[in-house]
Structure formats: structure tokens, C-alpha cells
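Chemist: Provided below for reference: sequence and predicted model.
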Amino acid sequence: MISRFEIVASNSPRPKAEHIIFCDGSGGRLFNPATDLELSHWRPNQTPPEYRGDTSTEACFRFLGHPRREPWTVAVNNHLDVDGILSVYALVCSEQARELRETLISAAEMGDFWGWGPPAAQCVFQGVTLLMDQARERDYDHAAIYKLAFDRVPGLAAGSDSETASIEASLEPLRRQAALVEEGHIVRTQPGERFAHYVVSLLIAGDDDARAAYVPQFNEAISDKCALWPHVQSRQDDQRVRLVSTERRDGWFHALWYPGYLWADTEFRWRTPGITYRDGMESYDLDHPALFDALQELQSLETADGTWAAGNGASPFHRKLQSQFPVVARFTAADGQPAKSTLEPDRVASVLRRAFE
């Protein structure tokens, strides 16, 4: 579809092309609405309605299905992540990409939304993420990383990549946790239509408090760092708020996880009440009185030292909590770090679920 791509920072000059497709990000001052096209889920979003998708990769595939017949010559991105790479790949390597459409869209959702994906999508997500991490350590520029990823995407999807065995092994924590939920060893219940609850026992979580409270960063490779990856939660509860209660020897870590897609312009998915992301994904406004009332009630019941806090401006820890998205509320210590609650999981779930009825 397009012969070349460029990685263009916001302060860079406009590429020498009349008709540009800006993928997975706004063109900002470089974008000319008369000649250019945006295929993105970032805010503010100028993607035409007929091309909008939950991920930018999906938007690019929608465009491939019904393209505008302009002399498009360059696809432009401004950053490095799985959805960005796969959206550009869909346009620049369109014949190969069409055969992998659903796999690539799922892999993009794993990267951008902490979503679940089938095995082939898991391998693409993990393989591309590990490639990015390794290439950044070697000071490769973004364009070089894109090219390396383009060469490997077909093999990652087909299971024929030279590193498939090690990638499959690195995905074992994700798949093990999914099996534990399916078998009932990690106990999942659904107290409300938009509210799910996961209880992770001490036997499964282990004694490491850091692992039990771990919140993965955006587009982080799967590892053994997290006791319950949000991707596993998304397998059944992608469009629900989730309370995760993780047992400790002297209490519980309780954390309220929101759907990971809320930062993006995802018009086809449920929007959690009261949370509004500003442009980009750096911060949000939280105005949900029912949630705040529930947290106050939990505070009145709590006997441990700490605070039931959410990522809103009224909390002294709101910046720290906002940096931990998709966790939006949890029981915290005086320094904003996770604290051990004395409240039993069922008690916490019964209070919080009312905020989402």
C-alpha cells in the first residue's frame, strides 16, 4: 500500500511528501487535513469515522479494506511500541499483514491495553516487545527497530522465528496464571455486570510482597514479576472493573484495576464512569462520587494503618496512583506504596461493586 515509513518527532520537519498517513499518533502541527490522513486511537483523534478502531493497528486494517485512492507515499509514526510498529507494518507490508489481521490486532491490544490474545498474538507481542527492549539497550534508532520487527513479524506469528522456543518459555507465567483461573485455583467471581473479583492465595502469590503488588508498565514484556497479569484478567473481564485481592501472611493487598483501554479513543468499548483521560495517556480526571463513597466506607471499616485512596486530585497520592494505571484505587501506606489491609476480600468486594452497578 505504501512504499516507505518515517519516524518523525513532534519537533521534526514535515517529511517530503504531499500525502502522508499518520499512524498511531497525532501529526500535530505537521498534519494537513486537506492532504493527509490520520489512522490512530490517540486523543485528540482526527481519524475518519469509517476507519476508527480500538487500536491504531485495527484502524489501519480498516483503511486497507476500503482505502482512499490518494497517492500515499509515506506512513509516519512518532514513537516506539507494539501498536505503533504493527500499524505501520500493516500499511508498508500490507500483503503479508492481511494474512495476519486478527493476530496483529490482538497483539496490539496486548501491548496498548494489557489485553488477552491467542497464542500466536502472544508470541508476536512478546517477541516484538523483547526485540524493542534489547534494541534500545544497544542504542538502535527507532527506524532500525521498526525494520527489525517487520522482518520478524511473520515468523513470530507462524511459530517459525529463530527465537520461538525462548519466547514461548517466557510466556509461561501468563499461560500458567490463565490456567489457574480456569481451574479455580485463582478464584474469579463476578459480583456485578461490570465488576469482577479475583482472589489470589498466598500459596500462589508467594512471599514476595513486590511481586504480589506489582503493576506492569505500559507495553511491558511478560515475566514472572506479577502475581496476576492484567492480560489474564482481560481474558474474561476486558470490559469490567476488577478487584484483585492478593493474600499476605498478615493481611491482603487489594487493588482496583480498570480496563486498560480507557486512555485511548475507543468508542466501541464500555467507558468506566467518572474517568476522563486528557490528551495522551499521562494523566486523567476522576470524578466518581459512588467510588469515593465506597472508599470512605472501607476506610471506616479498616483497622490497619493506611489509606483507601484513588487516583483523583483529592488524594495526596494521586500522581503515584495515576502512574500505576490500570490500577486506579488501592489501600496505601503513608508513602503511597501498597499496604496490607485487614479487610477480607468478600467485604471489600461487596462495598466496591456498588460503585459500578
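Modeler: Sure thing, it's come through.

Chemist: show me where the stretch 101-250 of the chain has strands.
Modeler: 187-192, 195-200, 241-248 (DSSP state E, counting those that start in this stretch).

Chemist: mind giving me the domain ranges of this structure?
Modeler: 4-163, 172-356 (automatic domain parsing).

Chemist: re earlier: possible to save the strands of the stretch 101-250 of the chain as TSV with mean pLDDT and distance to Ala90?
Modeler: Using the backbone N, CA and C atoms, a C-beta is placed for each residue, glycine as well. Conversion of the strands of the stretch 101-250 of the chain to TSV gives the following (pLDDT from 0 to 100; distance: least, CB to CB, whole Å):
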stretch	mean pLDDT	distance to Ala90
strand 187-192	98	34
strand 195-200	98	32
strand 241-248	98	31
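
Chemist: dump the ones you listed to CSV, plus distance to Gly274 and mean neighbour count.
Modeler: Below are the strands of the stretch 101-250 of the chain laid out as CSV (distance: least, CB to CB, whole Å; neighbours: other CB atoms under 10 Å):
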stretch, distance to Gly274, mean neighbour count
strand 187-192, 16, 15
strand 195-200, 14, 22
strand 241-248, 11, 22
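
Chemist: and of those, who's closest to Thr57?
Modeler: strand 241-248 (24.6 Å; CB to CB).

Chemist: return the helix or strand just after that closest one as PDB; C-alpha atoms alone will do.
Modeler: Reading on from strand 241-248 to the C-terminus, the next helix or strand found by DSSP states H and E is strand 251-257. Extracted C-alpha coordinates of strand 251-257, given in PDB (Å, rounded to 0.1, in the frame of the first residue of the first chain):
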ATOM      1  CA  GLY A 251      -3.400  -9.300  55.600                       C
ATOM      2  CA  TRP A 252      -4.300  -8.600  52.000                       C
ATOM      3  CA  PHE A 253      -3.300  -6.400  49.100                       C
ATOM      4  CA  HIS A 254      -6.400  -5.000  47.500                       C
ATOM      5  CA  ALA A 255      -6.200  -3.200  44.200                       C
ATOM      6  CA  LEU A 256      -8.900  -1.900  41.800                       C
ATOM      7  CA  TRP A 257      -8.000  -2.400  38.200                       C
END
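
Chemist: just the domains of the chain: most buried one?
Modeler: domain 4-163 (a mean of 20; mean count of other CB atoms under 10 Å).

Chemist: starting at the chain centroid, how far to it?
Modeler: In terms of CA atoms, centre = their mean, to the nearest Å, the centre of domain 4-163 is found 16 Å from the chain centre.

Chemist: ditto for stretch 175-190
Modeler: The answer for stretch 175-190 is 20 Å, by CA atoms, centre = their mean.

Chemist: what about it, start to end distance?
Modeler: 21 Å (CA to CA, to the nearest Å).

Chemist: low-confidence ranges in the stretch 201-350 of the chain?
Modeler: Along the stretch 201-350 of the chain, the parts satisfying pLDDT under 70 run over 280.

Chemist: which parts of it are helices?
Modeler: 202-205, 209-212, 230-237, 289-301, 318-322, 345-352 (DSSP state H, counting those that start in this stretch).

Chemist: need the residues that contact the fourth one.
Modeler: Under the criterion CB atoms under 8 Å, 6 or more residues apart in numbering, residues 273-274, 307-310, 312, 314, 329, 331, 343, 347-348, 351-352, 354-356 lie in contact with helix 289-301.

Chemist: same question for the second one.
Modeler: Residues external to helix 209-212 that are found in contact with it (CB under 8 Å, 6+ apart): Val200, Ala205, Gly206, Asp224, Lys225, Cys226, Ala227, Thr246, Arg248, Phe253, Pro338.

Chemist: now swap in the first one and tell me
Modeler: Taking contacts as CB under 8 Å, 6+ apart, the residues outside helix 202-205 that touch it are Leu180, His185, Ile186, Arg211, Ala212, Ala227, Thr246, Glu247, Arg248, Arg249.
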